[in-house]
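Enquirer: Got a sequence here, can you model it:
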Amino acid sequence: MSDTQPLFDFKNIHVEVEGKEVVSGISLTINKGETHAIMGPNGSGKSSLSNALMGHPSYTITKGEAYLDGQDILQMQADERSRAGLFLAFQYPLAIPGVTVANFMRAAVQAHRGKDADMTDFRKIFLGQMKDLSIDKAFATRYLNEGFSGGEKKRIEILQLSMLNPKVALLDETDSGLDIDALKVVSEGINRYHNENNGVLLITHYQRLLNYVKPDIVHVMYRGKIAETGGPDLALKLEDQGYEWIEKTAGQTAEVR
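Expert: Residues are numbered from 1 along each chain as shown. As a prediction, the model looks like this:
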């Protein structure tokens, strides 16, 4: 990969769910060290975009291309995309009865490192990351997300992010269901992960997450398309004025066309 090649680059992505197009030509480039945020009202296609890029089978990419560190991820299965360095923190993390948090994390790390890789450092790293995220050690032996609160599920998602250390993190409404204390802890985890060699794409409704995880570029998504792109001030404008002005702007653009 050359220094000028983007870390994560997708162009003209179209996504269908059950035969209905929900994303209509999204293009975005994330360079090393950058944090991007996608904001938008409910139903604008934000979560559909992230799920499709990760390879969720319910979301079909019908057109477009996507490259991670120079690799064509659209030719990969979801697990291959993960091993290539793409990570998705789900908006609604699933519970997996019978599988403890520790065993789940060990299996995930083993899959990324390779079946014959040395795992002697796993326990030390795992417990250290739990401590950094203020997760009680008792959670290690609990079944993954079973009976967890919304905030606890999101901390476990960031724990997985920290353990896998991907090239690009897609964080789908990671602030959903968090009180202010949990939001600060989760944000600190994201900031500890992020460095000059990786990239972050935050998907959120609200400005409050962006007070702690500072974006370089903010995109506003509306009806499956990027309606506006700008700096951090764009998020402040949305917080102040809501999404009504985006709807009006999109409507005027449609009329002109």
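Enquirer: and stretch 130-148, which residues are buried?
Expert: Within stretch 130-148, the residues scored as buried using 16 or more other Cβ atoms under 10 Å are 130, 133, 135, 139, 140, 142, 143, 144, 145, 148. Backbone N, C-alpha and C define where each C-beta goes, glycine included.
Enquirer: could I get it in PDB with only the CA atoms?
Expert: Presented in PDB, the C-alpha positions along stretch 130-148 are these (Å, rounded to 0.1, in the frame of the first residue of the first chain):
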ATOM      1  CA  MET A 130     -11.500  -4.900  31.100                       C
ATOM      2  CA  LYS A 131      -9.900  -2.800  33.800                       C
ATOM      3  CA  ASP A 132      -9.400   0.200  31.500                       C
ATOM      4  CA  LEU A 133     -13.100   0.000  30.500                       C
ATOM      5  CA  SER A 134     -14.300  -0.300  34.100                       C
ATOM      6  CA  ILE A 135     -15.700  -3.800  33.500                       C
ATOM      7  CA  ASP A 136     -15.900  -5.900  36.600                       C
ATOM      8  CA  LYS A 137     -13.800  -9.100  36.300                       C
ATOM      9  CA  ALA A 138     -17.000 -11.100  37.100                       C
ATOM     10  CA  PHE A 139     -18.200 -10.400  33.500                       C
ATOM     11  CA  ALA A 140     -15.500 -12.600  32.100                       C
ATOM     12  CA  THR A 141     -17.400 -15.700  33.200                       C
ATOM     13  CA  ARG A 142     -20.900 -14.500  32.300                       C
ATOM     14  CA  TYR A 143     -22.600 -15.500  29.100                       C
ATOM     15  CA  LEU A 144     -22.100 -12.900  26.400                       C
ATOM     16  CA  ASN A 145     -24.600 -10.100  26.700                       C
ATOM     17  CA  GLU A 146     -27.200 -12.300  28.500                       C
ATOM     18  CA  GLY A 147     -29.000 -10.100  30.900                       C
ATOM     19  CA  PHE A 148     -26.600  -7.200  30.200                       C
END
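Enquirer: going forward, begin numbering at 38 instead of 1
Expert: That works, and once the first residue is 38, the last one we named lands at stretch 167-185.
Enquirer: follow-up on the earlier one: from the buried residues of stretch 167-185, which single one is nearest residue 58?
Expert: Using Cβ to Cβ, residue 182 is the member of the buried residues of stretch 167-185 that lies nearest residue 58, at 31.4 Å.
Enquirer: now the closest one, nearest residue through space, not along the chain?
Expert: Closest residue in space to residue 182, ignoring its immediate chain neighbours: residue 132 at 4.0 Å, by Cβ to Cβ, 6 or more residues apart in numbering.
Enquirer: which residues sit in contact with the one you found?
Expert: Residue 132 makes contact with 180, 181, 182, 183, 184, 185, according to Cβ atoms under 8 Å, 6 or more residues apart in numbering.
Enquirer: out of the residues you listed, what pair is the most spread apart?
Expert: Using Cβ to Cβ, the contacts of residue 132 span at most 10.5 Å, a distance reached by 181 and 184.
Enquirer: what ranges do the strands span in this protein?
Expert: 45-54, 57-67, 72-76, 97-105, 108-109, 123-126, 133-137, 180-181, 205-209, 236-241, 254-259, 262-267 (DSSP state E).
Enquirer: Direction-wise, compare the third one with strand 45-54 and give the angle.
Expert: Angle, strand 72-76 to strand 45-54, by axes from the mean of the first three to the mean of the last three Cα atoms, to 10 degrees: 20 degrees.
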